[in-house]
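Undergrad: got a predicted model here, sequence first, then my questions.
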Amino acid sequence: MRDFSKLLDALVYTRSRNAKLKLIGDYLRATPDPDRGWALAALTGEIDIPGVKPAVIRGIAEERVDPVLLAMSRDYVGDMAETVSLLWPKAIDQPGDIDDGTLRISVIVERLMTLGRAEAPGALAAMLDHLDASGRFALLKLATGALRIGVSARLAKLALAEAFGIDIDAVEEVWHGIPPPYTPIFDWAEGRGEQPTAANMPVFRPFMLAHPLEELRVSLDDYAAEWKWDGIRVQIVRTAGETRLYSRAGDDITRSFPDVAEAFASDGAVDGELLVKGEAQGAAEHGGAAASFNALQQRLGRKIVSPKMLADYPAFVRLYDILIDGEEDVRALSWEERRARLEAFVPGLEPGRFDISALIEADNFEALEELRALARDAAIEGVMLKRRDSPYIAGRRVGHWYKWKRDPLTADCVMMYAQRGSGKRSSYYSDYTFGCWTEEGELLPVGKAYSGFTDEELRWLDRFVRNNTVQRFGPVREVEKSLVLEVAFDSIHASRRHKSGLAMRFPRIARIRRDKPANEADRIAALLRMAT
């Protein structure tokens, strides 16, 4: 556990991507099995210990520490695991060596996984007694699966591949078919075993991604154009009688969308956009009948989906591409050949649950530009441009696919509340709730953002919050309603869940408007006119 805690500490304070790759790679090479496999599972979010949840950690901490002190410290630190790791009292009989055989990462994980909710808290507390502050932090983050150290699952897998000189795409293809601690992958990486294969397993294949178009202009003789739909990108894979849905990050989301999985009954693997039907939204000329992202959001992240949810928010997939046709891997074919395969594949699927993303008919790039500018459909995010002869290649490759998002909407809003961030931002007020005015002069929240600003601007905003606080609600501060923020967002939708009746999609701070009086910020009515 000592080496794993050192790795986490180093990753938290390292900004460089290459430095993070080296840190993880060095750890994986130096650490024996199965410890390194469980560490990799923690970094990729593949550990789930049912008996240890945030409430358990708070509960055992309140047995050892004054609950009032714990709450006050949590509000200051901004992270419960870090707070507990610092406040936890040292056990009287604590040994000098914090990393004996019982505190190996593999022993800890395997033991906690065998315990139920009644036994796990006591076992976790005993482990904390035998660790220092750094080890306690690592243990709590490991046990809850909430590392938040600036390392994505893809980066951790890439570090594994680079450390041992193996192909990252080959790792991705078998990742979901091999459970932690990934012994077959490490055996292959170190030359003790054969390369694992995805045969007879509905495994994830890495997505092909697009570069932003920016100022580039391309010929429509070489590129096909289609709408970029505003749902979530998914991959559907079926083989050996089993179907799975994967998100862009490679997460298995089958349980959240059982209706889609059950309807996909043809062997193969396809790439598409997961959407929710919306008869009143989506223009027919775009291939519509798709609701806004706000409707889809009602179903995201749910492990159990009720019959009412299935009926109220029926999901479907608008297909973009095909990777596996039956048992044939067609990724090496050109986009035009794969498109023909996809058009032949879709009629065998359940109608109404799957369709094909329509191509955009435009005589030239200028005509396409006009169509994009007019597309303010609730479910359209922009335009995709795909080179007609491009194979399906994992990752972003220059010259193959481009995404051309529609221009963001903006509104001038007033900061209302601020909350501390997490991880590297736990010392700063970096999460901001902002609002707009009603016609009666009431300020109502319309969104929350924690990105879009520079480090220098973050420091300025943090000082503003501290110097202009009017009330405190635990970790949240209410501020004087005097600072205007120009907020950019991809779209805005009507929402019954918010008092303002609005929900923003991807809000971010575009500019700090120190020059603008708060009473000149936008009105709710103006945002309602933008809503779809």
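TA: Received it, and whenever you're ready, just let me know what you need. Numbers count the residues shown, from 1 in each chain.
Undergrad: please enumerate the strands of the stretch 251-400 of the chain.
TA: Counting by DSSP state E, counting those that start in this stretch, the stretch 251-400 of the chain has these strands, from start to end: 268-276, 315-325, 328-329, 354-356, 380-387, 395-396.
Undergrad: and the fifth one, average pLDDT?
TA: To tie it back to what came earlier, the one meant is strand 380-387. The pLDDT scores in strand 380-387 average 91.
Undergrad: who wins for proximity to Ile232 among the strands of the stretch 251-400 of the chain?
TA: strand 268-276 (5.0 Å; Cβ to Cβ). Just so you know, the C-beta spots here come from the backbone N, C-alpha and C atoms, and that holds for glycine as well.
Undergrad: ok, the closest one: who's next to it in the sheet?
TA: With DSSP bridges as the test, strand 268-276 is paired with strand 232-239 (antiparallel), strand 315-325 (antiparallel).
Undergrad: could you check the angle it makes with strand 380-387?
TA: 160 degrees (axes from the mean of the first three to the mean of the last three Cα atoms, to 10 degrees).
Undergrad: what about the helices in the stretch 351-500 of the chain?
TA: 365-374, 455-467 (DSSP state H, counting those that start in this stretch).
Undergrad: name the residues that touch the last one?
TA: Pointing back at helix 455-467 there. If you take Cβ atoms under 8 Å, 6 or more residues apart in numbering as the criterion, helix 455-467 is touched by 415, 418, 425, 428-430, 432, 453, 477, 479, 483, 509, 512.
Undergrad: report the buried residues of that helix.
TA: Under the neighbour-count criterion of 16 or more other Cβ atoms under 10 Å, helix 455-467 has Leu458, Leu461, Asp462, Phe464, Val465 buried.
Undergrad: likewise for stretch 395-410?
TA: Within stretch 395-410, the residues scored as buried using 16+ other Cβ under 10 Å are His400, Trp401, Tyr402, Trp404, Arg406, Leu409.
Undergrad: who does the lowest-mean-pLDDT helix or strand in the chain touch, helix- and strand-wise?
TA: Using mean pLDDT, DSSP states H and E, helix 293-297 stands out as the lowest-scoring helix or strand of the chain, at a mean of 79. Helices and strands touching helix 293-297, as assessed by 3 or more Cβ pairs under 8 Å, 6 or more residues apart in numbering; DSSP states H and E, comprise strand 268-276, strand 491-494, strand 502-505.
Undergrad: how about a cut-off of 7 Å?
TA: If you count contacts as 3 or more Cβ pairs under 7 Å, 6 or more residues apart in numbering; DSSP states H and E, helix 293-297 packs onto strand 268-276.
Undergrad: what does the strand it packs on contact?
TA: Residues from elsewhere that reach strand 268-276, judged by Cβ atoms under 7 Å, 6 or more residues apart in numbering: 205, 207, 229, 231-238, 257, 290-291, 295-296, 313-326, 345, 379.
Undergrad: just the buried residues of those residues.
TA: For the contacts of strand 268-276, buried by 16+ other Cβ under 10 Å: 205, 207, 229, 231-238, 257, 290-291, 295-296, 313-325, 345, 379.
Undergrad: could you chop this protein up by domain?
TA: 2-144, 208-405, 409-530 (automatic domain parsing).
Undergrad: take these and write them to a markdown table, including distance to Leu155.
TA: Listed next are those as a markdown table, based on distance: least, Cβ to Cβ, whole Å:
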| stretch | distance to Leu155 |
| --- | --- |
| domain 2-144 | 6 |
| domain 208-405 | 11 |
| domain 409-530 | 15 |
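Undergrad: right, and the ones you listed - which one's nearest Ile185?
TA: Using Cβ to Cβ, the nearest of those to Ile185 is domain 2-144, at 8.1 Å.
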